[in-house]
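Visitor: what follows is a predicted structure for the sequence shown.
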Amino acid sequence: MWDIEDLSIKTHILLDWNYTPEHIEISDDEELLLVCAKNEEYKESRFYTFFTETGINMSFTNTNLVIDRFHLIASNKGERLLFIDYSGNQYNLSDPYNLEYRNATDAYDLFEKKQIQEPYIIQSDKIIYTAEGNVKIEELLPDDWVNYLRLELRDTKNITISPTKTIDTITEIIENKLTNDYNDDGKEFEGKFLKWGFELNEKSVRLTVIDFNIRKKKWNPDHKKKHLDILPKVYPNEKNFILNCEILENDDFVTITRIGVILWTYKSSVIKKHYFI
């Protein structure tokens, strides 16, 4: 990548030698770089996701399907990679941090009521196109994008928040103490699609989580809660172990404890430690 102000190279990226780069796309917040490369021998396209600051490859996926255009959308509120195939009238979404085209989410509803023809531009989550001789500028995404993604499109893939935003949130929690009563037994913290909580007794602090049933449009019953004992043996006082906590926009859960800051996530029906600082 080049810095256009001083024309200096800021980041190098590495592609597989047998793939030729054809198209690139950068996210609106300039944190992700998407590269589409092609292998002519196998008639196959490969998509790569890179962090712009470090050049680290986060994910890649291969496909033999025709993809006419692709765009990074919703960089500030649930980022997705949009694939478009005009011949099949298909619009699909994938998590750019964990690319997997085979399990992409059907996003045809986003375009169903728009009479879009080439040429068009998608920028800053707006779509600019012509219709009946007029130029139109419309919002591409609904205001409540995450709820729309989960409930209407039934997209259950992870929503990733950039490390910078996560650090800012943790700093705000520490400085402003956004929540209280975090050591109460049975205390719950409700997000959009996950509900976190604590169960305390004399020997343990159990982190709990229950998910929202998208099909039934209600929280799953308590007997489906997942549990994880998070009290380390080196710290036996369960009543003062949790200092602060908060749910992030993507429903990950931050706990500030006596031993450090822990970021929890819930994937594949398992509570996992995402970061420990």
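Guide: Perfect, I can see it now. Numbers count the residues shown, from 1 in each chain.
Visitor: can you tell me which helix in the chain is longest?
Guide: When every helix of the chain is counted residue by residue (DSSP state H), the longest turns out to be helix 163-176.
Visitor: my guess is residue 31 contacts residue 53. True?
Guide: Yes: at 7.3 Å, residue 31 counts as touching residue 53 under the criterion of Cβ atoms under 8 Å. All C-beta spots, glycine's among them, are computed from the backbone N, C-alpha and C.
Visitor: so which of the two has more stuff around it?
Guide: residue 31 (18 against 14; other Cβ atoms under 10 Å).
Visitor: let's verify the closest residue to residue 60 other than its chain neighbours: helix, strand, or coil?
Guide: Nearest residue to residue 60, sequence neighbours excluded (Cβ to Cβ, 6 or more residues apart in numbering): residue 48, at 4.7 Å. Secondary structure for residue 48, judged by DSSP: H, G, I helix; E, B strand; the rest coil, is strand.
Visitor: mind checking pLDDT for residue 48?
Guide: Residue 48 is assigned a predicted lDDT (pLDDT) of 91.
Visitor: what about it, distance to residue 13?
Guide: Using Cβ to Cβ, to the nearest Å, we find residue 48 at a distance of 8 Å from residue 13.
Visitor: any common contacting residues for the two?
Guide: The contact sets of residue 48 and residue 13 overlap at 35, 57 (Cβ atoms under 8 Å, 6 or more residues apart in numbering).
Visitor: contact partners for residue 13?
Guide: The neighbourhood of residue 13, defined by Cβ under 8 Å, 6+ apart, consists of 1, 33, 35, 48, 50, 55, 57.
Visitor: if we go to 10 Å?
Guide: Going by Cβ atoms under 10 Å, 6 or more residues apart in numbering, residue 13 touches 1, 21, 24, 33, 35, 48, 50-52, 54-57.
Visitor: of the residues you listed - the most surrounded one?
Guide: Within the contacts of residue 13, neighbour counts (other Cβ under 10 Å) peak at residue 50, which reaches 25 neighbours.
Visitor: strands of the stretch 151-277 of the chain, start to end?
Guide: Assigned by DSSP state E, counting those that start in this stretch, the strands in the stretch 151-277 of the chain fall at 188-190, 194-200, 205-213, 218-219, 226-229, 242-247, 253-257, 260-267, 270-276.
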